[in-house]
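>>> Kindly generate the corresponding structure for this input.
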Amino acid sequence: LSLCARLPLPHPCGRGPEPEGGGYMAQEEDWDRDLLLDPAWEKQQRKTFTAWCNSHLRKTGTQIENIDEDFRDGLKLMLLLEVISGERLPKPERGKMRVHKINNVNKALDFIASKGVKLVSIGAEEIVDGNAKMTLGMIWTIILRFAIQDISVEETSAKEGLLLWCQRKTAPYKNVNVQNFHISWKDGLAFNALIHRHRPELIDYEQLRKDDPVTNLNNAFEVAEKYLDIPKMLDAEDIVGTLRPDEKAIMTYVSCFYHAFSGAQKAETAANRICKVLAVNQENEHLMEDYEKLASDLLQWIERTIPWLESRSAQRTLQELQQQLEELRLYRRVHKPPRVQEKVQLEINFNTLQTKLRLSNRPAFMPSEGRMVADISAGWQRLEQAEKGYEEWLLNEIRRLERLDHLAEKFRQKASIHEGWTEGKESLLQQKDFEAASLSDIKALIRKHEAFESDLAAHQDRVEQIAAIAQELNELEYYDSPSVNARCQKICDQWDVLGSLTHSRREALEHTEKQLESIDELHLEYAKRAAPFNNWMESAMEDLQDMFIVHTIEEIQGLIAAHDQFKSTLPEADKEREAILGIQREAQRIGEQHGIKGAGSNPYTSVTPHIIGSKWERVQALVPKRDEALQEEQSKQESNERLRLQFASQANTVGPWIHTKMEEIGRISIELHGTLEDQLQQLQLYEQSIMDYRPNLELLEQQHQRIQEALVFDNRHTNYSMEHLRVGWQQLLTTSARTINELQNQILTRDAKGISQEQLQEFRASFNHFDKDHGGSLGPEEFKACLISLGYDVENDRQGDAEFQRIMSLVDPNGSGSVTFQAFLDFMSRETTDTDTADQVIASFRVLAGDKNYITAAELLRELPREQAEYCISRMAPYGGSDAGPGALDYTSFSTALYGESDL
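Prediction:
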């Protein structure tokens, strides 16, 4: 309005007022100084202004024929102003008297003045009297105010803006050089160029000739009237026949072209905005579909793998368990690593998608139920726990089967020894030899039986050991327990029979003993000493052949020490053997000396000197074999100790390295050294150094495999287990990838929102200052202190608390109680930048719909590319308003749904 107030208006005496402030008409010559002096110009203005007025009056079903006569009563003048302004004027007076006409014209002039236009020397009387000069001046003032003033191109307006628009649109056309609104339009090419630029299908521009201006002008005027709804305002002959066409007539005509094409330009702008919004939405939907598919595949793989890791089918042999352990190693080496990478990539894609949604002012992406990042992490944790439990079960089963095999072999060895000892004992105890024996024989039989009872008692421990081993095999679920139980039961039953037979024979011998007394003291002494010595040798042979299983150097050294202790008792045992054999030799010497027959045979024991000698030789032969077996086991344990030391040395290097890298990555993510690109480059170098370190972990896996193959289950030289190092390595890879992704998202946010490096560093510095524990997030009180430091009014009062709760709902929508730096950066970005809104998209659709509250499928297909148009048609709900037409679609609910303000 202030600009309009400075426009020069017609002067009744032929001179216009001086321009105020150098407005857009400051450089024009006074419109009426030469205008009415040239009848050709007056004719052109009459025709042009009349056509322009009729182009608006026809909307009300009326028109004018003579411009200076038909406005005299003020009625059509007021009607014209109502049409072009869209406002209601005071009710006109319908009387025919001069005073009624003057009042109507004054109402029109007052309305023009209310729009900020100064009417200089134009009075109602001149218009009522039909003053042509004043009437044309008034119409030109109206045209300037309502048709030309609002034209604006690159900070220029009115005449200059309209001229710049013409120059821009006709620049590509040959023989067209628009420098003014008179001579430049005389050949008609400029009019045709304007039409061809916007509607090329209406004009065959290449067929026009500069030397045929009448044809050119008529062609442009006819096309404009027929296709663009622009009435013909000038005759070609009037323009060509005039040395200098009237500038105001040309400006009025050209302004109609501008307004005709400006609507198409607005529609194009609106269509471009909608296409941009829809393209972003379609891209986000593709990313969401990709996330859903990748998450579904990963969760299905986890659900397929966990049952395998949780299976606990009992195996009967060590070979079967070793095969299962090798399958577990293959799973960790081949099948699991790609899934680890998929999990990391899934988290990266999710964070990138959320960042793009925030940057485009869209609602956050909520995956379908069961496919959240937290669900995938929970499933992965269950997978890790099942994998750990499966490995522990396999190793325990290997130990169990190892012990079972050892116990079974021990059972068979002891059972065989016992069965060998009991062989023939029943028939011996059932003999009736005492019935016809002499007294000496009876004495001998009694002593022999006593020796047998002593031997029987000595074997009681062995029977109990056999039963205990069988019981342990049953408790450990040995696969061949039925045969073990049958053999044990047979031994126990036989043992009971031997006890019963022994008791019966003793009673018979004691009954006979009363009648017979004869004893050979030497034989008795021999028998008493030979029996325990024989038992000692049998026990020694059993111990020397006993199987052993150890896991440490200390255990084998304990066995070697015990064996050395046993060897130290051999000299004393040899002396006992010589003493026993000496008793037998003494008995033989006495018998020979006194001629006693049968003195060489000992009736009290079956342990002959030959048996003692044979067993002694057997003991002597077993001692070096036991030495060799213990030495071999000691070498094996020393080799296992070297494997432990190798693994511990490598593990004690890799473990601290992983911990150090984790701290370095954390420190880089919170320090402010250099730009985001510098920090990203540094992190990528760290990531490459981490990947270069992978061979050290693979070497450790090889060493760990050798340890497991050697059945080594503990290592006191290091606190790092292979499982611990694997988890640490995966955490390092995940942390590195996640930190790089966060920096990439910060760069994306900075570039999309136009945030400067200094602003970003200021945001990071403020965040780090209040992140006291360097945990990468702020608690509610820390975040409030940070906001206060940045100038936000969130003090502890009702208004401040309400504002703080509003901000917390933006940065922590899930109510986790912490604010990450990415959420803080998104909030500060929204506070300092502008983005598309739902209102802007609704306004764009309204332009395409021709200012209707709904839009049709045909309009969408006409204004938008087919892909975006079909996308809108498939998602827009039917419009239910009272003004709905056939096929009406609701673009308002569709636009708000794009920004999460309603449901599609």
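
>>> Quick one: distance of stretch 705-723 to the chain centre.
34 Å (C-alpha atoms, centre = their mean, to the nearest Å).

>>> can you pull the buried residues of that stretch?
Within stretch 705-723, the residues that count as buried by 16 or more other C-beta atoms under 10 Å are 707, 708, 712, 715, 718, 720, 722. Backbone N, C-alpha and C define where each C-beta goes, glycine included.

>>> Tell me the predicted confidence for the closest residue to the third one other than its chain neighbours.
Leaving out its chain neighbours, the residue that sits closest to residue 712 by C-beta to C-beta, 6 or more residues apart in numbering is residue 640, at 4.9 Å. At residue 640, the pLDDT value in this model is 85.

>>> ditto for residue 114
Reading off the model, residue 114 has pLDDT 88.

>>> Repeat that for residue 176.
So, for residue 176, pLDDT stands at 93.

>>> hmm, back to that, can I get the buried residues of stretch 705-723 in a markdown table including pLDDT?
Shown next, in a markdown table, are those (pLDDT from 0 to 100):
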| residue | pLDDT |
| --- | --- |
| 707 | 84 |
| 708 | 83 |
| 712 | 78 |
| 715 | 83 |
| 718 | 88 |
| 720 | 85 |
| 722 | 85 |
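
>>> Show me which of the residues you listed is closest to residue 187.
Of all the buried residues of stretch 705-723, residue 722 has the smallest distance to residue 187: 90.4 Å, by C-beta to C-beta.

>>> hang on, that closest one packs against residue 705?
No: judged on C-beta atoms under 8 Å, residue 722 makes no contact with residue 705 at a distance of 9.2 Å.

>>> what's the nearest residue to residue 411 if we skip its chain neighbours?
Once flanking residues are discounted, residue 411 sits nearest to residue 469: 4.5 Å by C-beta to C-beta, 6+ apart.

>>> Tell me if I'm right that the one you found and residue 407 touch.
Yes: counting by C-beta under 8 Å, residue 469 touches residue 407, with 5.6 Å between them.

>>> I'd like the average pLDDT over stretch 321-336.
On average, stretch 321-336 scores 87.

>>> Give the buried residues for that stretch.
321, 322, 324, 325, 336.

>>> where's the first one, which helix or strand?
For residue 321, the element it lies in under DSSP states H and E is helix 318-330.

>>> Which strands or helices does that helix pack on?
Helices and strands touching helix 318-330, by 3 or more C-beta pairs under 8 Å, 6 or more residues apart in numbering; DSSP states H and E, are helix 373-422.

>>> Tell me the helices and strands packed up against whichever helix or strand comes after the helix it packs on.
Per DSSP H and E, helix 373-422 leads on to helix 425-429 as the next helix or strand towards the C-terminus. Packed against helix 425-429 by the contact rule (3+ C-beta pairs under 8 Å, 6+ apart) you find helix 481-513.

>>> And the average pLDDT for the helix it packs on is what?
Per-residue scores along helix 481-513 average to 85.

>>> Identify each buried residue in that helix, please.
481, 484, 487-488, 491, 494-495, 498, 501-502, 505-506, 509, 512.

>>> Let me have these in JSON lines, adding distance to residue 864 as columns.
As requested, the buried residues of helix 481-513 are exported to JSON lines (distance: C-beta to C-beta, whole Å):
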{"residue": "481", "distance to residue 864": "81"}
{"residue": "484", "distance to residue 864": "85"}
{"residue": "487", "distance to residue 864": "91"}
{"residue": "488", "distance to residue 864": "90"}
{"residue": "491", "distance to residue 864": "96"}
{"residue": "494", "distance to residue 864": "101"}
{"residue": "495", "distance to residue 864": "100"}
{"residue": "498", "distance to residue 864": "106"}
{"residue": "501", "distance to residue 864": "110"}
{"residue": "502", "distance to residue 864": "111"}
{"residue": "505", "distance to residue 864": "116"}
{"residue": "506", "distance to residue 864": "117"}
{"residue": "509", "distance to residue 864": "122"}
{"residue": "512", "distance to residue 864": "127"}
